[in-house]
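> For reference, the sequence and a predicted model appear below.
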Amino acid sequence: MDSAKKPTLQSKQMSRIKEKFAELEEKNQKALIAYIMAGFPNEKTTLLAVKGLVKGGVDIIELGFPFSDPIADGPVIQNASVISLEGGTKLTNFFVLVKKIRAITDTPLVLMTYTNILYNKGYQKFIAEAKKAGIDGFILPDMLIEEASEYLKSAKKNTDTIFLISPNTSKTRIEKIANATTGFLYLVAVYGTTGVKTEIKNYTLKAIKEVKKQTKGKIPIGVGFGVSTPSDVKKYISVGADAVIIGSAFLKLIEKTPQNQIEKKIELFARSLKKETLNVIQK
Amino acid sequence: MRYPKDGRFGEFGGKYIPETLVPAVQELEENYLKFKNDKKFKKELDYYLKQYAGRPTPLYFAKNLSEKIGGAKIYLKREDLLHGGAHKINNTLGQALLAKKMNKKRIIAETGAGQHGVATAMACAALGLKVEVYMGYKDTIRQKLNVFRMNMLGAKVHPVKSGSQTLKDAINEAIRDWITNVENTYYLLGSAVGPHPYPVMVRDFQSVIGEEIKSQFKKLENKTPDCVIACVGGGSNAIGTFYPLVDTSAEIIGVEAAGKGLKSGFHSATLSAGRKGVLHGMMTYLLQDKEGQITETYSISAGLDYPGVGPEHAFLKDSKRVKYHSATDSEVIDAFLLLTRTEGIIPALESAHAIADALKVAKKHKPSESIVVTLSGRGDKDVEEVQNYLDRNTK
């Protein structure tokens, strides 16, 4: 192994996500990450929502690909998955949609789905195809590092593998997970599934501070699950989060907004969230 | 595979779960390993299995049935005589006792037809534990009596309205509850499925079936059985039957639900017709579409209606140690009626799958040879379903 060469190689091939975090750091900003479900309620709406997200200043977009059995998701994303699948979302039209999104924006795109979807096609084949369409990284909420060797091997070339940690994850595990993670480390804010709204918990704030301390800035920390308002964003960032992830709140907005207003409404909501990530002062 | 350290049976099994559950499964594994060889724990479990559940169960020579079929002698392992009417209690007593040792105050469980839910509610009532059971909404309608039984036993039943509203969705919802209440909740899983250590733990608690078969048969015929047969949904009664016999020369056969036929699309024969994949925390064979979406299953017996199968079965299939057959609804109904009429034993429709296959296998064996069929449960719960089937199909 030629260790001297490694850093140059990495910086030359810096991923879109990594570049984005570097760019934000220069501007003294934190990242706003938005999750939407592809094909919910249809492809056209997804495209309009993406346009709104980009205009509203979202830094990274997480695109959900539906799975029949989303065990880590709450009612909002479960429902969006069902509607997307019933509407005919398949991998082929999903990758076409990703290409269409790539044609309108350079915003980093992360694919969030479940392990079986990748395993079924073969990790290598799936990741190559996703990458070609314009996906920059993956989040698999049911993939543990112990099971990930083939996945990691297939993803090593310039696609980010974003793993999750939880407030109850031990320090030794955080160390191992952080080592396998590229892009950002996803800290699950609450015990629970996605989209369940509770008040901000002290254990979450404590977890953010401790993880930041432990990882020493080697990898950005993104906080998600149950994050839905500008004040949530503000609070998590004030204690050290490098990014916040908002999903169910966007899906709820999509659900109740007529298609011709989607782009505008999403833009406004995104902007109200993004505002809290500018000129931040962290304690 | 005595104890798969990394939770793998060959390439199957493992742990595919949200990170939040990692401390919980680690705590479970540590405690399971600690208590499984603990003398006091074993004695206590043994007490409940004998005095409360009714173990050991008889190994009954079905003389009338054997004569009627011709060929091998058919023995029935009478798990149907256990408290609650099925083998499920072997596992729920073991896990509920473990949960109690772990000081867990809240138990959750999933159930399909309701048998595991009822067995969990019984074990928890006996041991003074609170339990909440997730059950697919469709199943709560189809198996209303079991919902009443669970309620009366003090369990809270949550109807699950997501997805296909059956067992697989009940498991999804139980996992979601576990993620949310991970700090005080014990998930009492009902089959040899899920993330490690569940498949191995449930197997061990159910292995009492195969151990008894071995020693009872030895007394009766002074050898090991020539063949053992059990039905496979998730596969807990089957793995409990098979595991103690895997190292013997016995022929071992698992029987899946072929429903309206393997080519009809209406079945739940995961090992016969599925592909490898990841669901409910494990790598195993699954019924899924081309894209990896899990498909809905069908079986006349609600207890076999599951798109996955225990990972150790997947391993035993690929290593060719166990053969997996399937039985269609009409074969199952015929076997159900035949056993009922020749022996006066009403089998659960699940168990009738094993009987149906035994009828075919027996004919290929000599009268000096013996087949042991695990009769995993009794069929009182199914008589309405069978009557409806007969009404539909005899006119």
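Arrived safely.
> Please count neighbours and contacts with C-alpha atoms only from this point.
Noted.
> what helix or strand does whichever residue of the stretch 1-150 of chain A sits closest to chain B sit in?
Nearest residue of the stretch 1-150 of chain A to chain B: residue A:142, at 4.4 Å (Cα to the nearest Cα). Assigned by DSSP states H and E, residue A:142 belongs to neither a helix nor a strand.
> who's in contact with it?
A:72, A:114-115, B:16-19, B:281 (Cα atoms under 8 Å, 6 or more residues apart in numbering or on different chains).
> remind me which residues of chain A are low pLDDT?
Low-confidence segments of chain A (pLDDT under 70): A:1-13, A:282-283.
> give me the number of residues near the residue of the stretch 51-200 of chain A found nearest chain B?
When scored by Cα to the nearest Cα, the stretch 51-200 of chain A has residue A:192 as its residue closest to chain B, at 3.8 Å. Residue A:192 has 23 neighbours, counted by other Cα atoms under 10 Å in any protein chain shown.
> Quick check: closest non-adjacent residue to it.
Closest residue to residue A:192 apart from its sequence neighbours, by Cα to Cα, 6 or more residues apart in numbering or on different chains: residue B:180 at 3.8 Å.
> Ramachandran coordinates for the one you found?
phi -70, psi -40 (degrees, to the nearest 10).
> That one reaches residue A:189, doesn't it?
No - counting by Cα atoms under 8 Å, residue A:189 is not a contact partner of residue B:180; they are 11.6 Å apart.
> So between the two, which is more surrounded?
Each of residue B:180 and residue A:189 has its neighbours counted (other Cα under 10 Å); residue A:189 has more, 26 against 19.
> show me the contacts for that one.
By Cα under 8 Å, 6+ apart, residue A:189 lies in contact with A:166-167, A:204, A:223-226.
> Please repeat the previous calculation with a cut-off of 7 Å.
A:166-167, A:204, A:223-225 (Cα atoms under 7 Å, 6 or more residues apart in numbering or on different chains).
> One more: residue B:367?
Contacts for residue B:367 were tallied using Cα under 7 Å, 6+ apart; they are B:71-73.
> can you narrow these to ones near chain A?
When the contacts of residue B:367 are filtered against chain A using Cα under 7 Å from any Cα of the partner chain, no residues are retained.
> interface residues of the stretch 51-200 of chain B facing chain A?
Checking the stretch 51-200 of chain B against chain A by Cα under 7 Å from any Cα, the hits are B:172, B:175-176, B:179-181.
> circling back to that earlier point, secondary structure, neighbour count and distance to chain B for the contacts of residue A:189 - can I get that in CSV?
Below are those laid out as CSV (DSSP: H, G, I helix; E, B strand; the rest coil; neighbours: other Cα atoms under 10 Å in any protein chain shown; distance: Cα to the nearest Cα, whole Å):
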residue, secondary structure, neighbour count, distance to chain B
A:166, coil, 22, 5
A:167, coil, 20, 8
A:204, helix, 21, 13
A:223, strand, 30, 14
A:224, strand, 25, 13
A:225, coil, 25, 12
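> closest to residue B:317 among those residues?
Comparing these against residue B:317 with Cα to Cα places residue A:166 closest, at 36.5 Å.
> circling back to that earlier point, for the contacts of residue B:367, which one is nearest chain A?
Nearest to chain A among the contacts of residue B:367, with distances taken as Cα to the nearest Cα, is residue B:72, at 42.5 Å.
> So for the closest one, what's the pLDDT?
Per-residue confidence (pLDDT) for residue B:72: 98.
> backbone phi and psi for it, please?
The phi/psi pair for residue B:72 (degrees, to the nearest 10) is phi -60, psi 160.
> For the residue nearest to the spatial centre of chain A, give me its contacts.
Residue closest to the mean C-alpha point of chain A, counted by Cα atoms, centre = their mean, is residue A:62 at 4.3 Å. Listed by Cα under 7 Å, 6+ apart, the contact set of residue A:62 reads A:33-36, A:109-112.
> Kindly give a single PyMOL line that selects the buried subset of those residues.
In PyMOL, this line selects whichever of the contacts of residue A:62 come out buried by 16 or more other Cα atoms under 10 Å in any protein chain shown:
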select buried, chain A and resi 33+34+35+36+109+110+111+112
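> related to what we said a few turns ago, and which of the contacts of residue B:367 is nearest to residue B:394?
So of those, ranked by how close each gets to residue B:394 (Cα to Cα), first place is residue B:71, at 29.8 Å.
> Name the single longest strand found in chain A.
Taking DSSP state E as the criterion, chain A has its longest strand at strand A:31-37.
> Show me which positions of stretch A:195-210 end up buried.
A:195-196, A:200, A:204-205, A:207-209.
> Same question for stretch A:255-262.
Residues A:259, A:262 are the ones in stretch A:255-262 that count as buried (16+ other Cα under 10 Å).
> From start to finish, how long is that stretch in a straight line?
The straight-line separation of the ends of stretch A:255-262 (Cα to Cα, to the nearest Å) is 9 Å.
> In the chain, mark out all the strands, start to finish.
No chain specified, so I'll use chain A. Counting by DSSP E, chain A has these strands, from start to end: A:31-37, A:60-64, A:109-112, A:137-139, A:160-162, A:164-165, A:185-188, A:221-224, A:243-246.
> should've been chain B
B:8-9, B:12-13, B:59-61, B:73-78, B:106-111, B:130-136, B:156-160, B:185-187, B:227-231, B:251-259, B:275-279, B:282-286, B:323-328, B:370-375.
> What distance do you get for whichever residue of the stretch 151-300 of chain B sits closest to chain A to residue B:18?
In the stretch 151-300 of chain B, the residue that lies nearest chain A is residue B:180 (3.8 Å; Cα to the nearest Cα). For residue B:180, the distance to residue B:18 equals 11 Å [Cα to Cα].
> Next: residue A:245.
For residue A:245 relative to residue B:18 (Cα to Cα), the value is 17 Å.
> And the pLDDT at the nearest residue to residue B:15 once chain neighbours are set aside?
The shortest distance from residue B:15 to any non-neighbouring residue, by Cα to Cα, 6+ apart, is to residue B:195 (4.6 Å). Turning to residue B:195, the model gives it a pLDDT of 98.
> check contacts around residue B:195.
By Cα under 7 Å, 6+ apart, the neighbours of residue B:195 are B:13-16, B:280-282.
> try 6 Å this time
By Cα atoms under 6 Å, 6 or more residues apart in numbering or on different chains, the contact list for residue B:195 reads B:15, B:281-282.
> By neighbour count, which of those residues wins?
Counting neighbours by other Cα under 10 Å, residue B:15 comes out on top of these with 28 neighbours.
> Could you double-check that that one lies in contact with residue B:281?
Yes - if you go by Cα atoms under 6 Å, residue B:15 and residue B:281 touch, sitting 5.2 Å apart.
> measure residue A:104 to residue A:48 for me?
For residue A:104 relative to residue A:48 (Cα to Cα), the value is 11 Å.
> Kindly report the same for residue B:357.
For residue B:357 relative to residue A:48 (Cα to Cα), the value is 57 Å.
> more neighbours, these two?
Set side by side, residue B:357 and residue A:48 show more neighbours around residue B:357, with 25 against 19, by other Cα under 10 Å.
> Which pLDDT value belongs to that one?
Residue B:357 is assigned a pLDDT of 98 by the prediction.
> The one 3 residues further on too?
Turning to residue B:360, the model gives it a pLDDT of 98.
> Can you give me the neighbour number for it?
12.
> Let me see the residues that make contact with the helix or strand bottoming out on mean pLDDT in chain B.
Lowest by mean pLDDT, DSSP states H and E among the helices and strands of chain B is helix B:137-142, with a mean of 91. Helix B:137-142 is contacted from outside by B:159-161, B:165-166, using Cα under 6 Å, 6+ apart.
> Please render the residues you listed as CSV that adds neighbour count and distance to residue B:347 to the earlier fields.
Output for these, formatted as CSV (neighbours: other Cα atoms under 10 Å in any protein chain shown; distance: Cα to Cα, whole Å):
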residue, neighbour count, distance to residue B:347
B:159, 20, 27
B:160, 25, 28
B:161, 15, 30
B:165, 18, 26
B:166, 27, 23
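> Quick check, residue B:79 in contact with residue B:89.
No - shown here, residue B:79 and residue B:89 do not form a contact pair, counting by Cα under 6 Å, at 9.7 Å.
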